[in-house]
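Sequence and predicted structure are below.
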Amino acid sequence: MKTNNSYLPLFFLCWAFLYSPFAVLPAFPQAKKGDVVNLTSSGIHVGQTVPDLEVLNLHNYTDGAGKQVSAMQLSSLKGKLVILDFWATWCAPCVAMMPVMDSLQRRFAGKVQFISVTRESDQVVTPFFDRLKRKGKGAIPYVTSDIILSKTFPHRLLPHYVWIGSNGKVVAITSHEEVNAGRIEQVIKGEEDGKIIQKTDLAITYDKKKPLFFEGNGGNGKGLIFHSMLSSRQDGLSMGFWINPALRKASVTNLGIVEMYEAAYSEKMLFAKHRMIFNMKDPSTIMFVKGKTDPKTWRAKNIYCYELIVPEGKEQSLYTHMRKDLKHFFPAVQVDTLTMETMCTVLVSTGDNTMLQSKGGISNVDINGLGASFRNMWITALTGRLDVLFMQENPYPIVNGTGISYAVDLQLECNLNSVPEVNAALEKYNLKLVNKPFKTVMLIFKDADKLANNSK
């Protein structure tokens, strides 16, 4: 029981290490933008012979003649198992391993040589080892202000151990979990046989001051689960919005707040400008008002790009989440839909419409420069297209008030942008567009403070 308890502090320190940013060294320059680099294999790695490096800034080491030295050739340790311990004073698991390594050094004296290596200075590290010595635990040689060894064995995560066999070749590169008496005995006897779990440090260029994934910063975005982004206008991008629940994605490029909300509510229907009501003190805060502001200045401040990607399985929440985002981005305006009676341009029946009843066949809409034909379609196929495509400049919404409840065949040869011309073409079908009050869905824009006052 006592033996098991001795591992508990190390376990919790390791857990803190895994979730702590302080146990991660900066990425090495070998990592190019967007590319993941295996740092471990970019240096001297398993199976390769270690060059005869000069170990500098060495402390607490006595050479074969019994002399305290501050430098040595790594080759002077040939015949022993050398374990380089890359560590830092701020790395909790590294510190927790010090007494463990001290015990192993004493147990395998003459066969194993631990050397602790850090980039930190002598002024920072020596007081730490002095405290260990006072506790009778300071037997391990250590290197301070290291450059050479860290470049030879590149890594990011600490602690980091490089095992160099008695023949001068790298036997293993591991984390602290593999540093124990059993593993050391296996290596000394040559019985390791691939049982040691090797450590691999991956690195990628990442600048915390720049957006993640932009221009390869931190990767290419592969595996992205959720993403919400708002930016100012971007030259070169077209104006529009694309929403595809199947792809879990909504994109808006170079549009204003009004058009962004139009996109966010397009799940229900498409809202042309004549389907919008601005119950606001100053609508120019969210839409361009001709003559009130300079167009170029207004666009620079009020045109945006937006993108949303939702997790798999959340496709149905795409529009809802988009509306929540817009409410968060633009809190001064409150937007919602409302079915209300308002002035509309209503398609009405003026007589017998039985000649419209479809003869069947494949449902189809064909629109060209001469007009449009509708085959086996509901009458709303006509009013819907007039509303959002051809008669956007009409002052009122285009709605269906015919009461026709069957599919129709309809041929119109006219300018679909003109109410008089469309009415002339509709006359033979006993249909007509008239302006009158009618209930329909509108998109309402309100000042947020006004909405709040109304709710009191």
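Nice, thanks for sending it over.

What is the neighbour count of the closest residue to residue 101 other than its chain neighbours?
With sequence-adjacent residues excluded and distances taken as Cβ to Cβ, 6 or more residues apart in numbering, residue 101 is closest to residue 114, at 4.9 Å. Every residue, glycine included, has its C-beta placed from N, CA and C. Using other Cβ atoms under 10 Å, residue 114 is surrounded by 23 other residues.

Is residue 114 in contact with residue 143, as I believe?
No. Counting by Cβ atoms under 8 Å, residue 114 sits too far from residue 143 to count as a contact (11.4 Å).

Let's see the pLDDT reported for the residue nearest to residue 101.
You'll see residue 114 listed with a pLDDT of 97.

ok, now which ones touch it?
83, 85, 101, 104, 105, 140, 141 (Cβ atoms under 8 Å, 6 or more residues apart in numbering).

Just the element for it, please.
strand 112-117 (DSSP states H and E).

And residue 375, by the same measure?
Using DSSP H and E, residue 375 falls in strand 371-377.

list the helices and strands that strand packs on?
If you count contacts as 3 or more Cβ pairs under 8 Å, 6 or more residues apart in numbering; DSSP states H and E, strand 371-377 packs onto strand 364-368, helix 380-385, strand 408-413.

which residues are contacting the second one?
With Cβ under 8 Å, 6+ apart as the contact definition, helix 380-385 has outside contacts at 270, 347, 365, 367, 372, 374, 398, 399, 400, 410, 412, 416.

Recalculate using a threshold of 6 Å.
Here helix 380-385 makes contact (Cβ atoms under 6 Å, 6 or more residues apart in numbering) with 347, 365, 374, 398, 400.

same thing with stretch 308-328?
225, 226, 227, 228, 245, 248, 249, 250, 260, 264, 267.

Let's see that with 7 Å instead.
Stretch 308-328 has contacts (Cβ atoms under 7 Å, 6 or more residues apart in numbering) with 224-228, 243, 245-246, 248-250, 260-261, 264, 267.

And these, which of them are buried?
228, 243, 248, 249, 250, 260, 261, 264 (16 or more other Cβ atoms under 10 Å).

ok, for the fourth one, nearest residue in space, not its chain neighbours?
With Cβ to Cβ, 6+ apart as the criterion, residue 249 has its nearest non-adjacent residue at 5.2 Å, and that residue is residue 309.

Backbone dihedrals for that neighbour, both of them.
Backbone torsions of residue 309, given as degrees, to the nearest 10, read phi -130, psi 130.

Against residue 171, how distant is it?
In this view, residue 309 and residue 171 are 45 Å apart by Cβ to Cβ, to the nearest Å.

what separates the closest residue to residue 77 other than its chain neighbours from residue 71, distance-wise?
Among residues not flanking residue 77 along the chain, residue 113 sits closest, at 5.4 Å (Cβ to Cβ, 6+ apart). Residue 113 is 15 Å from residue 71, where distance means Cβ to Cβ.

of those two, who's got more company?
For residue 113 versus residue 71, neighbours defined as other Cβ under 10 Å are more numerous around residue 113 (20 against 12).

what about the helices in the stretch 251-400 of the chain?
With DSSP state H, counting those that start in this stretch, the ranges of helices along the stretch 251-400 of the chain come out as 257-264, 295-302, 318-329, 380-385.

typed the wrong thing, it's the stretch 101-250 of the chain
Using DSSP H, counting those that start in this stretch, helices in the stretch 101-250 of the chain cover 122-134, 148-152, 181-189.

out of those helices, which comes closest to residue 448?
helix 122-134 (54.0 Å; Cβ to Cβ).

for that closest one, packing partners?
Helices and strands touching helix 122-134, by 3 or more Cβ pairs under 7 Å, 6 or more residues apart in numbering; DSSP states H and E: there are none.

List the residues that contact residue 343.
Contacts of residue 343 (Cβ under 7 Å, 6+ apart): 396, 435, 437.

Return the member of the residues you listed nearest to residue 129.
residue 396 (84.5 Å).

ok, that closest one touching residue 276?
No. Residue 396 lies out of contact with residue 276 (Cβ atoms under 7 Å); the separation is 11.9 Å.

Poorly predicted segments of the stretch 51-200 of the chain, please.
Along the stretch 51-200 of the chain, segments meeting pLDDT under 70 are nowhere present.

can you give me the strands in it?
For the stretch 51-200 of the chain, the strands defined by DSSP state E, counting those that start in this stretch occupy 54-55, 58-59, 72-73, 81-86, 112-117, 142-143, 160-164, 170-174.

what pairs with the last one, and is each one parallel or antiparallel?
To tie it back to what came earlier, the one meant is strand 170-174. Paired with strand 170-174 in the same sheet, following DSSP bridges, are strand 160-164 (antiparallel).

now what about the partner strand, what contacts it?
Counting by Cβ under 7 Å, 6+ apart, 50, 81-86, 153, 170-174, 176, 179, 187, 199 sit against strand 160-164.

try 8 Å
50, 74, 77, 81-87, 153, 170-176, 178-179, 187, 196, 199, 201.

relative to strand 112-117, how tilted is that strand?
Strand 160-164 and strand 112-117 are oriented at 140 degrees to each other (axes from the mean of the first three to the mean of the last three Cα atoms, to 10 degrees).

Export strand 160-164 to CSV, keeping only CA atoms.
Extracted in CSV, the C-alpha atoms of strand 160-164 (Å, rounded to 0.1, in the frame of the first residue of the first chain):
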residue,chain,number,x,y,z
HIS,A,160,11.4,14.4,-22.4
TYR,A,161,13.9,11.5,-22.1
VAL,A,162,16.5,10.4,-24.6
TRP,A,163,18.0,6.9,-23.9
ILE,A,164,21.4,6.4,-25.4
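
Walk me through the domains of the protein.
Using automatic domain parsing, the domain parsing of the chain gives 2-203, 224-330, 340-447.

roughly how far out does the longest one sit from the chain middle?
Right, the one you point to is domain 2-203. The chain centroid and the centroid of domain 2-203 are separated by 35 Å under Cα atoms, centre = their mean, to the nearest Å.

How many residues are close by residue 426?
19.

Can you give me the end-to-end span of stretch 189-201?
28 Å (Cα to Cα, to the nearest Å).

cool, and stretch 218-227?
Per Cα to Cα, stretch 218-227 runs 15 Å from first to last residue.

Quick one: mean pLDDT for that stretch?
88.

Also stretch 313-324?
pLDDT averaged over stretch 313-324 gives 95.

Would you mark the buried spots in it?
Buried residues in stretch 313-324, counting neighbours by 16+ other Cβ under 10 Å, are found at 318, 319, 321, 322, 323.

do you know how far the third one is from residue 228?
Yep, that's residue 321 we're talking about. 8 Å.
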